[in-house]
Structures are given as structure tokens and as C-alpha cells.
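# here are the coordinates; sequence isn't available:
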């Protein structure tokens with residue numbers, strides 16, 4: 001099985017062509033292992049691998065991502081084709097005969113246009129699509145696309161979905177992506193990455209939300225060069241730019257010779273970026289720049305929606321007889337309607353609706369090639385719900401059954417030829433007034449929903465900021481970088497996902513985990529900062545931080561704080577019952593405590609402490625793997641193995657060898 005690149009996507013070979021990525025994950029794999037053993041798991045993995053390997057022809061590359069996840073690169077494959085392939089894979093796996101439990105997979109699909117997205121970003125999109133598929137249930141496919149809609153022969157969008165438009169966008173230098181990225185994405189923001197300032201390219205479909213670009217230099221003397229490299233974005237005025245200066249002196253002003261740029265001391269961190277982004281969202285709301293999601297299909301006259309008179313509405317006349325079309329046209333013009341279109345058969349009518357959406361269709365029933373009933377069938381997606389395209393049937397057919405059939409097929413009104421001009425005008429006005437009220441109501445509902453979403457996101461950002469500041473306060477004495485809490489939170493979220501927990505629970509654990517050591521606020525410096533080995537009495541004092549933290553977080557009505565309460569109390573319990581404070585064992589330890597125990601231990605091993613050096617990531621992994629079944633839940637150890645690449649990115653924040661001296665927390 002080829003593995004040409006690791007999960008960071010650092011060496012993508014598909015930059016100049018359309019690329020789709022499939023990420024397939026075996027449903028309930030952990031349950032299978034726990035119930036039927038490792039041999040059963042290996043057999044299932046082989047069976048799924050055989051299905052996927054049969055699909056790797058034509059330049060496609062298949063790689064394993066952990067124990068039960070597979071990544072399939074599909075260069076030159078559009079979103080529709082990739083989704084079809086994903087559905088075929090899903091069906092083939094579901095048809096496999098295994099003796100233990102129904103075998104199914106969920107598949108996430110992501111597609112990006114040529115050169116517009118780095119593979120790592122597309123892989124993240126595919127994993128988000130996979131998470132959404134799992135939210136919807138087992139044995140499902142979900143897709144996300146960064147493609148712009150493709151124009152069909154009539155100019156109508158083919159319906160290829162655009163990527164989800166975020167509330168706002170944060171553009172990070174690649175070395176700052178973890179764990180800052182995961183924190184921001186939880187708040188409804190999109191995070192893009194760049195290797196160097198010259199690589200910053202904002203996609204055309206980025207949306208109307210605020211854009212914040214974050215970069216950093218080592219010392220103040222490098223500011224001018226960095227700002228010059230971002231000159232085009234500064235001149236455009238549509239991007240807020242923040243430059244962090246890592247080695248700036250604590251006193252005195254920082255030079256910034258370009259308007260539009262903010263210069264701050266230190267390095268990018270979640271607790272600094274959260275209030276910055278929250279401020280941008282608030283500014284966007286105050287300026288009235290809330291983004292209203294486009295109506296699916298794009299139907300609805302802009303003139304009619306904007307409050308123009310009804311006579312601005314576009315009306316399409318569909319009739320195979322020229323004389324009838326002319327009579328209707330003259331009648332409508334006399335009433336005051338001049339934005340008229342005509343079609344002489346059903347096929348032409350459907351093409352006209354796709355090319356220039358009307359506000360009302362006047363439809364004859366008896367036509368060659370495609371009659372009025374077939375046209376109503378073709379218009380079904382627009383006749384109800386958000387589409388609400390009214391159809392007035394105008395026909396010489398007097399049969400009652402045809403009238404009933406037309407109305408039951410979606411027509412809103414029915415008029416016989418020959419018609420009375422005043423009656424025709426009244427029916428047209430009534431239908432257009434109803435449509436206008438419907439569109440205005442929908443627009444108001446979307447505006448309200450977007451405002452609620454925006455303000456909910458701001459509230460979430462504020463809550464996250466408070467949590468991070470509280471976690472920072474707990475660690476300020478022994479981890480002045482403030483990174484330990486954020487790293488543990490991000491790592492816990494990854495481990496929870498690898499365990500198969502649903503996305504909402506993973507998010508909750510990730511947000512709560514940074515508070516795991518909040519009880520250290522109550523531990524004396526003489527114990528907390530002691531560089532040597534602690535005595536038995538000092539160990540007893542240190543271990544009280546779990547009880548102190550649990551008491552600080554107890555009895556909260558917030559779901560995040562309630563989750564943090566459990567984590568603070570149980571993250572030092574051991575699988576074999578030898579932990580503290582309550583000596584819980586096995587599954588009596590809450591799953592969030594088991595997860596954070598692993599995340600905390602892995603971060604402690606990979607970073608220097610007053611009493612130990614930083615160990616390489618691989619050695620840290622080996623030390624933890626041997627403790628499966630003793631210190632750690634074997635299922636969490638399996639999750640650790642499955643998500644090793646992502647955890648390495650999170651915990652080392654820029655790669656291996658991060659062993660610069662820094663103090664750190666003592667467990």
C-alpha cells in the first residue's frame with residue numbers, strides 16, 4: 001500500500017489538478033476489538049483494504065491512517081464522481097460477509113479545485129465530512145467541496161455544493177496551526193494555513209465574513225520586511241493583519257509603519273486570538289455585514305425581494321400556440337407587467353426557468369413533446385418549501401379531472417380560456433403578492449438565524465476565552481507559556497474522536513480538558529515548583545489538586561464546566577486501580593478522565609519538566625504503549641496508536657526536536 005506522504009500533506013503531488021480525497025472509517029471498530037478480539041479486527045481491516053485496493057487504479061493512492069481509517073487520493077476526480085465512488089465503496093463493504101457484526105463504513109469526501117487548496121486542508125475537510133457522516137449514523141457518506149458551482153449548458157448551476165461558508169476566516173502561519181486551529185474551528189471559524197507570507201492566497205469563495213491573518217517574526221527588526229511581504233493584502237483593506245513579535249522587550253512601543261496591521265508581543269495563542277476574533281465578529285455585526293446564506297437554487301427575483309412593485313416581477317408564459325402567447329403578453333402588459341418571457345413547449349420552459357428564474361409561470365396543459373403535467377413534474381423542487389414558485393394554469397381544457405390533477409401536482413391556481421382580463425389580473429396579483437410575502441418571510445428568517453448564529457459564536461468565543469484564561473491562571477506559576485492546557489485539550493479531542501465518540505462529545509471534551517489541572521491553584525509553590533523528587537508528604541499535598549479542582553468546578557450549570565469537573569477529579573486514576581484520589585479501576589473511571597489521563601501523560605513526556613528532559617515523540621509513545629491495561633485503558637492506547645500523526649503535530653507544535661528549556665507542570 002503506497003504511502004507517499006504523511007497526514008500533514010507536506011509533499012502533495014496534486015497541486016495542479018482537481019483533487020478529491022476520501023476518508024473511510026470502519027464503524028464500531030473499537031467495539032469489535034473489545035468484543036471479539038484483535039484477530040477479528042485484523043480480519044475486518046484486511047477485508048476493507050481489499051475493497052479499497054481494488055479502487056486504486058489510474059493514479060489513485062491509498063494509505064492507512066490509524067488502525068481503522070483509510071485515505072484515498074483521487075486526482076482528476078470531481079465531487080460528484082468522488083461521491084459516487086464513495087457510495088460504491090460503502091455498498092461493497094456492507095455486502096461483505098463477516099461472522100461477528102454487520103460490517104459498515106462511513107466515508108467523508110472533499111474536493112478542491114486545481115491549485116486552490118493544499119492537500120492538508122482538503123484532508124481536514126474530508127475528515128470533517130467523515131465526522132458529519134458519523135453524526136448522521138453508521139453506513140453513510142457525506143461530502144464537502146471547495147469547487148465553485150459549475151455552469152450547465154443553460155447557465156444554471158449544476159448544483160455541485162460549494163464549501164461551507166464560515167462566520168469568519170483566520171489565516172495562520174503553518175507553525176502556529178496546532179492547537180490554535182482546533183480551538184478556533186470549534187467556534188465556527190475556518191482556518192487556512194500558509195508556509196510563508198508570499199504563499200497567502202485567499203480563495204474566491206471565502207464568503208463575506210471577517211478575515212484575520214496571523215503571522216509572527218522573531219524580533220522587531222524583522223517587522224518591516226514581513227509587512228512589506230503582505231502589502232497587497234494591507235492595501236486591499238479587506239483583511240485584518242496581526243503580527244506577533246516573539247522576542248520583543250516588555251516595555252516600549254513596537255514599530256509598525258503600515259496602517260491596517262496590529263503588532264503584539266509574544267507568540268500566537270488561543271487566549272490571545274479568541275478575543276481578537278470575537279472583536280472582529282462584533283465589528284462585522286455592528287457594520288451590518290452579516291452574511292445571509294444564499295437560497296439553494298438561487299430562485300427569487302432580486303427586484304421582487306428588494307421591495308419593488310409587483311410589476312417588476314418576471315412572468316414566464318408557456319403555451320404552444322403563438323396567438324395565445326401574444327394575447328397573454330398583451331394582457332399582462334396592459335396591466336403593467338413588462339418583464340415577460342415565453343416558451344412554446346415544455347422542454348424550452350424548463351430550460352428558461354433554469355436560465356432566468358421567474359416569479360410566476362403561466363402554463364398551458366395541452367402541448368406537444370412535453371405537456372403541462374410533465375412541466376409541473378420537472379418544477380417539483382421549486383413548487384413548495386423555500387422555492388415557492390407559483391404556477392397559474394391557463395388552458396382551454398375544460399375537464400374537471402385535469403383541473404384536479406394540475407392542482408394536486410403543484411399548480412397554485414387554474415383559469416380557463418377564454419378568460420376575463422380583470423379576473424386574470426386579480427389572480428396574477430394575488431399569486432405574486434403571496435410569493436413576495438413568502439420571500440420576505442424567508443429572508444427575515446434567514447437574517448434572524450444568521451444573527452443568532454453570529455451572536456452564539458461570539459458567546460462561544462467568550463466562554464472559550466474564559467476557560468483558557470482560567471486554565472492559564474492555574475498553570476501560570478509553572479508553565480508561563482500557557483501551552484500545556486491547550487495542547488492537552490486538543491489532544492484529548494483527537495483521542496475522543498479516535499475512540500469513536502460522537503462529534504459533540506469530542507468537542508465538549510476538547511473544550512473542558514484544559515481545566516484538568518485547575519486545582520493546582522491551591523498547591524503551595526514549595527511543592528509545585530520543587531525541582532527534585534517529592535517526599536511522601538509532598539506527594540500527598542500535590543495529589544490534592546484533583547480534589548481542589550473538582551470542588552472549584554462543582555455544581556455548575558454549564559455543560560463544559562460540568563465535564564471539566566469530572567476530568568479534574570479523575571484524570572489521575574489508573575486502569576488497574578492504583579491511581580488517585582478515589583482508586584477507581586477499569587470502566588468505573590469516566591471515559592473523559594481516561595482520555596485526558598493519556599493526553600496529559602503524552603504531553604508531559606514530550607516536554608521538558610524541572611525533574612526530567614523532553615523525550616522524543618516516538619520514545620514517549622513506546623513508554624505509554626507498554627502501560628496498556630495497567631495505567632491506561634487499552635482502548636485509549638489503541639486510539640493513541642491510531643492518531644499518532646495528528647497527536648505529534650499537536651504536541652510538538654512545529655515538529656520533533658522541540659526541546660527548548662521551559663518549565664512545565666508536575667502531575
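Done, it's in. What you are looking at is a predicted structure, and each value in this text was computed from that prediction instead of being measured.

# the residue lying farthest from the centre of the chain: what secondary structure?
Residue farthest from the centre of the chain, counting by C-alpha atoms, centre = their mean, is residue 418 at 56.3 Å. Secondary structure, DSSP: H, G, I helix; E, B strand; the rest coil: residue 418 is coil.

# where's it relative to residue 404, distance?
According to C-beta to C-beta, to the nearest Å, residue 418 and residue 404 sit 22 Å apart. C-betas here are computed from N, CA, C, even on glycine.

# may I have the residues that are in contact with residue 366?
320, 372, 395-397 (C-beta atoms under 8 Å, 6 or more residues apart in numbering).

# what subset of the residues you listed is buried?
Neighbour counting by 16 or more other C-beta atoms under 10 Å classes 320, 372, 395, 397 among those as buried.

# the third one - nearest residue in space that isn't next to it in sequence?
Nearest non-adjacent residue to residue 395, counting by C-beta to C-beta, 6 or more residues apart in numbering: residue 365, 4.4 Å away.

# what about that neighbour, which SS state?
Quick answer, by three-state DSSP: residue 365 is coil.

# need phi/psi at it.
phi -90, psi -40 (degrees, to the nearest 10).

# hmm, it is touching residue 406, no?
Yes. The pair residue 365 and residue 406 passes the contact test of C-beta atoms under 8 Å, sitting 6.6 Å apart.

# so of the buried ones among the contacts of residue 366, which ones are in helices?
Using DSSP state H, the subset of the buried ones among the contacts of residue 366 located in helices is residue 372.

# what's the closest of the buried ones among the contacts of residue 366 to residue 527?
residue 372 (84.8 Å; C-beta to C-beta).

# could you measure from the closest one over to residue 350?
12 Å.

# does the nearest residue to residue 341 once chain neighbours are set aside fall in a helix, a strand, or a coil region?
With C-beta to C-beta, 6+ apart as the criterion, residue 341 has its nearest non-adjacent residue at 4.7 Å, and that residue is residue 316. Of the three states, residue 316 takes strand under three-state DSSP.

# pLDDT score for the residue farthest from the centre of the chain?
Residue 418 carries a pLDDT value of 80.

# over to the one 5 residues further on?
Residue 423 is assigned a predicted lDDT (pLDDT) of 82.

# name the nearest residue to it, ignoring sequence neighbours.
In space, residue 423 is closest to residue 415, 7.1 Å off (C-beta to C-beta, 6+ apart).

# quick check: which element contains that neighbour?
strand 413-416 (DSSP states H and E).

# list the strands paired with that strand, with their directions.
strand 391-395 (parallel) (DSSP bridges).

# mind listing what's buried in the next helix or strand after the partner strand?
Sequence-wise, the next helix or strand downstream of strand 391-395 (DSSP H and E) is helix 400-408. Residues of helix 400-408 classed as buried: 402-403, 406 (neighbour count, 16+ other C-beta under 10 Å).

# stretch 483-492 now?
483-492.

# stretch 44-61 too?
Buried residues in stretch 44-61 (16+ other C-beta under 10 Å): 44-45, 48, 51-52, 55, 60-61.

# on that earlier part again, make CSV out of the contacts of residue 366 and add distance to residue 245.
Formatted as CSV, these follow (distance: C-beta to C-beta, whole Å):
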residue, distance to residue 245
320, 74
372, 70
395, 75
396, 80
397, 79
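
# with pLDDT as extra columns, can I get those in JSON lines?
As requested, these are exported to JSON lines (pLDDT from 0 to 100):
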{"residue": "320", "pLDDT": "89"}
{"residue": "372", "pLDDT": "88"}
{"residue": "395", "pLDDT": "87"}
{"residue": "396", "pLDDT": "84"}
{"residue": "397", "pLDDT": "79"}
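
# quick check: angle from the longest helix seen in the chain to strand 391-395?
The longest helix of the chain (DSSP H) is helix 421-475. Taking axes from the mean of the first three to the mean of the last three C-alpha atoms, to 10 degrees, one finds helix 421-475 and strand 391-395 inclined to each other by 160 degrees.

# please enumerate the helices of the stretch 201-350 of the chain.
Here the stretch 201-350 of the chain has its helices, by DSSP state H, counting those that start in this stretch, at 223-229, 231-236, 270-286, 302-305, 322-335, 346-355.

# ugh, wrong one, the stretch 551-667 of the chain
559-570, 591-606, 617-625, 634-642, 644-652.

# the second one - contacts with which helices or strands?
Other helices and strands packing on helix 591-606, by 3 or more C-beta pairs under 8 Å, 6 or more residues apart in numbering; DSSP states H and E, are helix 483-498, helix 503-512, helix 559-570, helix 617-625, helix 634-642, helix 644-652.

# average pLDDT for the fifth one?
I take that to be helix 634-642. For helix 634-642, the per-residue pLDDT averages 93.

# likewise for the second one?
Per-residue confidence for helix 503-512 averages out to 90 on the pLDDT scale.

# now do the buried residues in the helix or strand that comes right after it.
Downstream of helix 503-512, the first helix or strand assigned by DSSP H and E is helix 525-528. For helix 525-528, the neighbour count (16+ other C-beta under 10 Å) marks 527-528 as buried.
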